[in-house]
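In: with the sequence up front, the predicted model follows.
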Amino acid sequence: MTSRPESAAEPAVVKRCCARLYESDIVRALLGESFHPGGLELTERLGELLQLTPASRVLDAASGIGTSAMFLAEQFGCAVVGIDYSVTNVARARDEAIRRGLAERVSFEPGDVEALPFPDASFDAVLCECAFCTFPDKSAAAREFARVLRPGGRVALSDVTREPSSDADLSDLFAWIACLADARPQEAYADALRVAGFSGVVSESHHQAMLDLVRQIEGRLLTVEVLGGLRKVDLSGVNLDAGKRLARAARTAIESDRLGYAVVHAVNA
């Protein structure tokens, strides 16, 4: 058996790392059930940009535990297929879809967004929330979105944006949350879609949503600290001081426009 070179294995390692991060109970405690800035209100905005109807077939790329996929199905009446690298997330999402009576319209599959297991032109819309920055090969992911979309279909991304900076605290922040380390300027995401052949690319800044999420995390860190002091949660292995310091660094970066959040949407040529 021939071993793969280390450089070839690195993308898979990154994907597994990110998948495990979003499986964790501590992340759920800090972020809530909707793991992205803006929550379901911003998900609804994406659904509107995608022009979803009950006839739409939607791909939710990096669907996590399925919160957005099920919300879109309920809100717009569309059929949604979620794909996620984590088999644990897929299992949870499937169970929740059954519990909510959505299994006929919402399904979930394990898989890699950079090599989607779907035929060409099989979706009317592609949604990708707070995950594009985690893909090691963003160009491949964008090309896959274009491939599985029918001509005239729409894609909508929401993601963390990061301006170039030498700020030590900001560098520490991204080292701590490794999955965000490849967050890029807003226009870079738009460019990735253009290069993949999308037209009519439009981007929107949603920095306030990012700021609101960081403030929420700061509040929940304090709550977790109190519960830990009362021995109602197990904080072994959790560095709350580092978490609070990095949350402050993130808030400062957002307030100085070095860190933010954006929506980018486009039409498949």
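Out: Thanks, I have the structure now. Because the structure is predicted, anything quoted here is derived from the model rather than measured.

In: in the protein, where is pLDDT below threshold?
Out: 1-35, 165-181, 226-239 (pLDDT under 70).

In: which stretches of it form strands?
Out: Using DSSP state E, the strands of the chain run over residues 57-61, 79-84, 106-110, 123-129, 149-162, 198-205, 259-268.

In: pick the most buried one from these.
Out: Among the strands of the chain, ranked by average contacts under mean count of other Cβ atoms under 10 Å, first place goes to strand 123-129 (a mean of 26). (C-beta placed from N, C-alpha, C; glycine too.)

In: for A91, which of the strands of the chain is the nearest?
Out: A91 lies closest to strand 106-110 among the strands of the chain, at 8.4 Å (Cβ to Cβ).

In: which strands or helices does the helix ranked longest in the chain pack on?
Out: Ranked by number of residues, the top helix in the chain under DSSP state H is helix 207-229. On a contact count with 3 or more Cβ pairs under 8 Å, 6 or more residues apart in numbering; DSSP states H and E, helix 207-229 meets helix 25-31, helix 240-255, strand 259-268.

In: same list, the strands of the chain, but as TSV with distance to A188 please.
Out: Formatted as TSV, the strands of the chain follow (distance: least, Cβ to Cβ, whole Å):
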stretch	distance to A188
strand 57-61	18
strand 79-84	23
strand 106-110	28
strand 123-129	15
strand 149-162	8
strand 198-205	10
strand 259-268	10
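
In: and L46, which of those is closest to it?
Out: strand 149-162 (4.4 Å).

In: picking that back up, and the longest helix of the chain, C-alpha only, in CSV?
Out: The C-alpha coordinates for helix 207-229 follow below in CSV (Å, rounded to 0.1, in the frame of the first residue of the first chain):
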residue,chain,number,x,y,z
HIS,A,207,-20.9,42.8,10.4
GLN,A,208,-23.5,43.5,13.1
ALA,A,209,-24.6,39.9,13.0
MET,A,210,-21.0,38.8,13.8
LEU,A,211,-20.7,41.4,16.6
ASP,A,212,-24.0,40.2,18.1
LEU,A,213,-22.8,36.6,18.0
VAL,A,214,-19.5,37.5,19.8
ARG,A,215,-21.4,39.4,22.4
GLN,A,216,-23.6,36.4,22.9
ILE,A,217,-20.6,34.1,23.3
GLU,A,218,-19.1,36.5,25.9
GLY,A,219,-22.3,36.3,27.9
ARG,A,220,-22.5,32.6,27.6
LEU,A,221,-18.9,32.2,28.7
LEU,A,222,-19.8,34.0,31.9
THR,A,223,-22.8,31.7,32.4
VAL,A,224,-20.6,28.6,31.8
GLU,A,225,-18.1,30.0,34.3
VAL,A,226,-20.8,30.4,37.0
LEU,A,227,-22.2,26.9,36.3
GLY,A,228,-18.7,25.5,36.5
GLY,A,229,-18.2,27.1,39.8
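
In: nothing else from me, thank you.
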